[in-house]
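S.K.: Predicted model, plus sequence, below.
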Amino acid sequence: MALSIAHFVHDVYSSFLAPLLPLLIEKLSLSLTQAGFMSTVMQLPALLNPYIGVMADRISIRIFVILAPALTAVPMSLLGVAPSYGMLLILLFITGISVALFHVPSPVMVAQLAPAHKGRGMSFYMTGGELARTVGPLVAVAGVSVFGLQHFYPLMVFGIASTFWLYFKLRDVQLNHVRASHRLSPLQTWRRLRYILLPLTAILITRGFMHASLTAFLPTFIKQQTGNLWLAGIALTVFETAGVAGVLTCGPISDRIGRRQTLLVSLIGAPIGLLVFASSGSWLRVAALMATGFTLLSTTPVMLAMVQEHATRSPAAANGLFMMISFIARSAVVVAVGFIADHIGLQATYLLSALMGAIGIPFILMLPKK
């Protein structure tokens with residue numbers, strides 16, 4: 001529960017970018033390609049994830065988890081103050097480092113604390129993150145509404161306070177350390193696990209088109225269609241709320257019926273939901289958005305559990321590789337999605353993203369059955 005709460009607090013701040021994007025675009029006169037590149041810069045430190053994992057295998061991983069909420073809260077609360085596009089990129093890069101420091105070791109802690117039910121444990125852990133992305137957009141919009149875009153930085157105090165709380169909560173937690181004889185380098189870890197990491201890479205890239213088009217540009221798409229910033233934030237909240245239900249459901253299900261089967265069902269449903277969302281209107285669009293969030297976002301705890309099950313040596317390094325692949329796929333794809341949207345519009349981009357998501361389905365069959 002402490003790790004889930006920490007995930008919630010941390011990711012509330014890291015979810016500020018998408019709902020603030022329309023205002024930042026307007027303030028600095030940015031194109032959608034530039035807007036997409038902001039997300040890429042935030043993901044860029046993910047290149048260090050395998051090495052952060054190696055560090056976490058050598059020293060106490062709780063240090064990274066404890067510091068991360070404050071290290072993320074400060075730069076994300078200063079986005080509205082940034083006077084230029086370059087300063088925005090610097091703040092987002094600092095945030096990206098903190099995001100990596102948190103997300104690489106924390107699933108390893110979860111796997112150690114829930115050894116017999118990794119899927120359920122990852123679901124609890126990921127629920128904190130999905131709830132944060134549900135609440136985060138509303139917190140950002142409310143902060144701007146109350147304080148204004150340039151003055152909502154006092155929100156950082158909650159992240160700083162949570163770091164102090166985590167220190168007292170986690171300082172006595174007993175964790176297993178990887179013996180020196182069992183530690184592997186990132187390259188050795190890749191070689192041992194490429195039979196599972198290669199199919200997951202293809203899945204993450206194709207899934208990334210759906211994920212990027214919704215998480216990065218959904219508020220912008222809704223604001224373009226309605227002109228209502230609150231409705232734009234609420235749409236992202238609806239999407240993420242459905243994702244919370246999916247995360248809570250699919251992790252325990254994967255413990256029972258298998259990881260591969262669960263991924264197959266989810267990644268068949270997500271492209272269908274996105275296709276209906278992009279091509280319909282009114283209440284059917286709301287239902288399709290909820291279905292897409294439920295199926296699309298539910299895949300992460302299943303993949304995390306799968307990686308930890310197979311990473312018997314240097315689990316943090318293995319998770320670092322997976323998180324690096326995930327972040328790189330998402331950050332590279334979001335720039336492509338922004339570039340495509342600049343040329344054909346967001347609605348057509350959603351249709352294309354659904355097609356790309358469907359292309360990833362055969363790669364699920366390449367994953368190990370057990």
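M.R.: Sure, I can see it.

S.K.: Tell me where the model's unsure across the stretch 101-250 of the chain.
M.R.: 174-184 (pLDDT under 70).

S.K.: ok, 80 please
M.R.: By pLDDT under 80, the low-scoring segments of the stretch 101-250 of the chain are 112, 114-118, 130, 133-134, 137, 171-186, 216, 223-233, 237.

S.K.: Could you do the stretch 251-370 of the chain as well?
M.R.: 280-282, 311-316, 327-328, 330-332, 369-370.

S.K.: V244 is in contact with G128, isn't it?
M.R.: No. In this structure, V244 is not within contact of G128 by Cβ atoms under 8 Å, at 9.5 Å. Quick note: C-beta positions are derived from backbone N, CA and C, even for glycine.

S.K.: Remind me what whatever helix or strand V146 lives in packs against, helices and strands.
M.R.: Following DSSP states H and E, one finds V146 within helix 118-147. Contact analysis of helix 118-147 by 3 or more Cβ pairs under 8 Å, 6 or more residues apart in numbering; DSSP states H and E lists helix 2-14, helix 17-28, helix 106-113, helix 229-257, helix 299-310 as its packing neighbours.

S.K.: now these in a markdown table, with mean neighbour count?
M.R.: Below are these laid out as a markdown table (neighbours: other Cβ atoms under 10 Å):
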| stretch | mean neighbour count |
| --- | --- |
| helix 2-14 | 24 |
| helix 17-28 | 20 |
| helix 106-113 | 23 |
| helix 229-257 | 21 |
| helix 299-310 | 24 |
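
S.K.: how about these, which one is nearest A35?
M.R.: helix 17-28 (5.6 Å; Cβ to Cβ).

S.K.: Mind giving me the packing neighbours of that closest one?
M.R.: Helices and strands touching helix 17-28, by 3+ Cβ pairs under 8 Å, 6+ apart, are helix 32-43, helix 85-103, helix 118-147, helix 218-226, helix 229-257.

S.K.: Next SSE downstream of the third one?
M.R.: With elements assigned by DSSP H and E, the helix or strand that comes after helix 118-147 is helix 156-170.

S.K.: buried residues in that next one?
M.R.: Within helix 156-170, the residues scored as buried using 16 or more other Cβ atoms under 10 Å are 156, 158-159, 162-163, 166, 169-170.

S.K.: In JSON lines: these, plus distance to P75.
M.R.: Output for these, formatted as JSON lines (distance: Cβ to Cβ, whole Å):
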{"residue": "M156", "distance to P75": "9"}
{"residue": "F158", "distance to P75": "15"}
{"residue": "G159", "distance to P75": "10"}
{"residue": "S162", "distance to P75": "16"}
{"residue": "T163", "distance to P75": "14"}
{"residue": "L166", "distance to P75": "19"}
{"residue": "K169", "distance to P75": "24"}
{"residue": "L170", "distance to P75": "23"}
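
S.K.: In those, find the pair that's most separated.
M.R.: M156 and L170 (21.1 Å).

S.K.: Contact partners for D11?
M.R.: D11 is in contact with 128-129, 132-133, 136, counting by Cβ atoms under 8 Å, 6 or more residues apart in numbering.

S.K.: May I have the predicted confidence score for it?
M.R.: At D11, the pLDDT value in this model is 91.

S.K.: That one and S106: what is the separation?
M.R.: Distance, D11 to S106, by Cβ to Cβ, to the nearest Å: 11 Å.

S.K.: on that earlier part again, can you tell which of the helices and strands packed on helix 17-28 is closest to S77?
M.R.: Nearest to S77 among the helices and strands packed on helix 17-28 is helix 118-147; the distance by Cβ to Cβ comes to 8.3 Å.

S.K.: Mind listing what's buried along the closest one?
M.R.: In helix 118-147, counting by 16+ other Cβ under 10 Å, buried: 118-144.

S.K.: now stretch 82-98
M.R.: Using 16+ other Cβ under 10 Å as the test for burial, stretch 82-98 gives 82, 85, 88-89, 91-92, 94-98.

S.K.: Touching it from outside, list them.
M.R.: The contact list for stretch 82-98 (Cβ under 8 Å, 6+ apart) reads 13-14, 17, 24, 28, 30, 34, 37-39, 41-46, 48, 67-68, 71-72, 75-76, 78-79.

S.K.: ditto for stretch 329-345
M.R.: Residues from elsewhere that reach stretch 329-345, judged by Cβ under 8 Å, 6+ apart: 31-37, 39-40, 42-44, 46, 201, 204-205, 208-209, 211-213, 216-217, 349, 352-353.

S.K.: Restricting the selection to alpha carbons, write that stretch to PDB.
M.R.: Presented in PDB, the C-alpha positions along stretch 329-345 are these (Å, rounded to 0.1, in the frame of the first residue of the first chain):
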ATOM      1  CA  ALA A 329       8.900   3.300 -27.800                       C
ATOM      2  CA  ARG A 330       6.400   5.700 -26.300                       C
ATOM      3  CA  SER A 331       8.500   8.800 -26.600                       C
ATOM      4  CA  ALA A 332       9.500   8.100 -30.200                       C
ATOM      5  CA  VAL A 333       6.000   7.300 -31.200                       C
ATOM      6  CA  VAL A 334       4.500  10.400 -29.600                       C
ATOM      7  CA  VAL A 335       6.700  12.600 -31.900                       C
ATOM      8  CA  ALA A 336       5.500  10.600 -34.900                       C
ATOM      9  CA  VAL A 337       1.900  11.000 -33.700                       C
ATOM     10  CA  GLY A 338       2.300  14.700 -33.300                       C
ATOM     11  CA  PHE A 339       3.900  15.000 -36.800                       C
ATOM     12  CA  ILE A 340       1.100  12.900 -38.400                       C
ATOM     13  CA  ALA A 341      -1.600  15.000 -36.600                       C
ATOM     14  CA  ASP A 342      -0.100  18.200 -37.900                       C
ATOM     15  CA  HIS A 343      -0.700  16.900 -41.400                       C
ATOM     16  CA  ILE A 344      -3.900  14.900 -41.300                       C
ATOM     17  CA  GLY A 345      -5.600  16.000 -38.000                       C
END
